[in-house]
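[1] Just need the structure, nothing else, for what follows:
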Amino acid sequence: MGRAGLAGCRRRRRQARRRRGHGVRELKCGSRILPDHPSGGAFAVVRFGHPPCGRGQGGRVDGRCRTFSIMTWRLCLGLALGLMSGLWIGCASPQVHGLPQGQTSGLVPMPASLELRGEDSHGRGFRTDGVLKVSWPEPWDMTPMEAWLTHAGLDWSRSHRDDAQVLWSHTDQPLGPEGYSLTVERDRVVVEAQDAEGAFRAWTTFRQLIPAVCEQGCPRGFELPAVAIQDSAYLAHRGLLLDCCRHFMAPSFVKDMIDALALQKMNVLHWHLTEDQGWRLPIEAYPKLTEVGGVRTEADGTVHGGAYTKQDIAEIVAYAAERHVTVVPEVELPGHSRVALAAYLWLGCTGDTLPVPHNWGVFKDVYCAGNDSTMAFLKAVLDETCEMFPSEV
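    I've put the predicted structure just below:
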C-alpha cells in the first residue's frame, strides 16, 4: 500500500471511529492489491454493528446502552441475597405455620421444678393445629378446662387414653399436697396427679403455658415449649379477703375474683359479709338484716345497697368448688355490728334507734352479750351460715 493510500485509509478509519455511535463498529486497513480500487491498491474493510456496552452498562434498548450505577447493582444484589436467606429461614424455621408460641415466663407461681428440654429440633415441644384430643379419669371434674377450651375456639374432644394428645392420668407416686407432674413432649402433653385437686393445678399450669392470645381465642392452634414440670403446694392456705360489706359486689364480680384466684393457684376466698356499713348475708330467721341493713344513705344523699340471696350463695360456693377454692364467710361479732343493731334495736344494750352508718371508724355500739335473746340471735345466724357454707375452715 502506498503512502497516499495508507493515509487515506487511516483518515477513513478516523472518520469511522467518529461515526461509531451511529453503527460503525470496525475499520481495518490492508495492503491487498485491488487494481481497480481508487486508492491504488489499498483497501478498507468496514464492519457495521453496535460497539459493546462499556463498564457499568447493561444491555441495549433501541440501540442504546442502559446505564446501571454501583448503587443499583448493590440494591439488586441485596434483594437477591435477602430473598435467598428468607427462603432458607422459612424452610428451617419451626414457626413456618405462624402459630402463637407458648412460654414459661407466664407461670405464676413458678413451679418447684422446671426443666426446659432443648434436645428436640429447635427446642420445639407440642403443636396443635386447633384440633385437640384430651383424656382424663372419670372421677375428676374438669369443667373449667372444658369451658376454657371451648371459649378458645379449639376443636377439642374427649378421647381414649391411647390416642389422646393431652393425657391426664392418676398416679400413686407421692407428689406432695396438690402435687402434679406435667411433661410437654413433641407429640403429647402428659400430666400425672394423685387427685382431682392436683390435676386442676396442673391444668392451671398448662393454661399458663398456652399463649396468652388464646385467652381471646386461637382456633388455628398453638405451640408449647418442650418442658418438664413438677410442683406441689408450699403453703396450705393461700387466700384473699374480699370485702363486700362496705361496698356491695355483684355475684358475677365475685365469680370473676374466684377465677383470678384459681389462675394464681390460690385456694381460699375469705368473704367478708357483715360489717357496720352493710349486711349482705341472707338469714331467713331475721329478714330485716338485709332489708334494713343491706341499704344505707351516703353523705351526699345517694343510696348504696345490695344483698345476696341463698341461691347466689349456693352458685358462688359451687363455682368456687369446681376451681378448688374454699369460700370462708366472715360474720363480725361482738363489734362491727352496728348494722344489725339498726335492724333489730334489742340486740344492743341501750335500745337506741341507729341508722346504718355511711362513715368509717370505731363505733361503741356492739351486741349486748348479757341478753339471752342476743345469744339466741347469734346462734341462729351462725347455724344458717354454716348450712350455706360447707367449708371445714
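[2] Just the helices from this structure, written as ranges.
    Along the chain, counting by DSSP state H, helices occupy 3-18, 70-92, 143-151, 196-209, 251-263, 288-291, 310-322, 338-343, 372-388.
[3] And those, which one averages the lowest pLDDT?
    Between those, the one with the least mean pLDDT is helix 70-92; it has a mean of 54.
[4] Spatially central residue in the protein, please.
    residue 212 (0.5 Å; C-alpha atoms, centre = their mean).
[5] Kindly provide the distance from it to residue 101.
    Taking C-beta to C-beta, to the nearest Å as the measure, residue 212 and residue 101 are separated by 10 Å. Quick note: C-beta positions are derived from backbone N, CA and C, even for glycine.
[6] dump the residue contacts of the residue nearest to the centre of the chain.
    Residue 212 makes contact with residue 106 under the criterion C-beta atoms under 8 Å, 6 or more residues apart in numbering.
[7] Quick one, grab the pLDDT at it.
    pLDDT, the model's per-residue confidence, is 95 for residue 212.
[8] Would you map out the domains in this protein?
    What automatic domain parsing lists as the domains of the chain is 3-51, 113-231, 239-388.
[9] okay, stretch 360-377 in CSV with CA atoms only?
    The C-alpha atoms that make up stretch 360-377 are tabulated as CSV, following Å, rounded to 0.1, in the frame of the first residue of the first chain:
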residue,chain,number,x,y,z
TRP,A,360,-65.9,4.6,108.7
GLY,A,361,-64.4,4.3,112.2
VAL,A,362,-64.8,2.5,115.5
PHE,A,363,-68.4,2.5,117.0
LYS,A,364,-69.2,1.9,120.6
ASP,A,365,-72.5,0.2,119.8
VAL,A,366,-72.0,-3.6,119.9
TYR,A,367,-74.0,-6.8,120.6
CYS,A,368,-75.3,-6.9,124.2
ALA,A,369,-73.8,-10.2,125.3
GLY,A,370,-75.7,-10.2,128.6
ASN,A,371,-79.1,-10.7,126.9
ASP,A,372,-80.2,-14.2,126.2
SER,A,373,-82.1,-13.0,123.2
THR,A,374,-78.8,-11.8,121.7
MET,A,375,-77.1,-15.2,122.1
ALA,A,376,-80.2,-16.9,120.5
PHE,A,377,-79.9,-14.5,117.6
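[10] Show me the contact partners of that stretch.
    Taking contacts as C-beta under 8 Å, 6+ apart, the residues outside stretch 360-377 that touch it are 246, 276-277, 286, 333-335, 337-338, 340-341, 344, 346-350, 352, 354, 357, 378.
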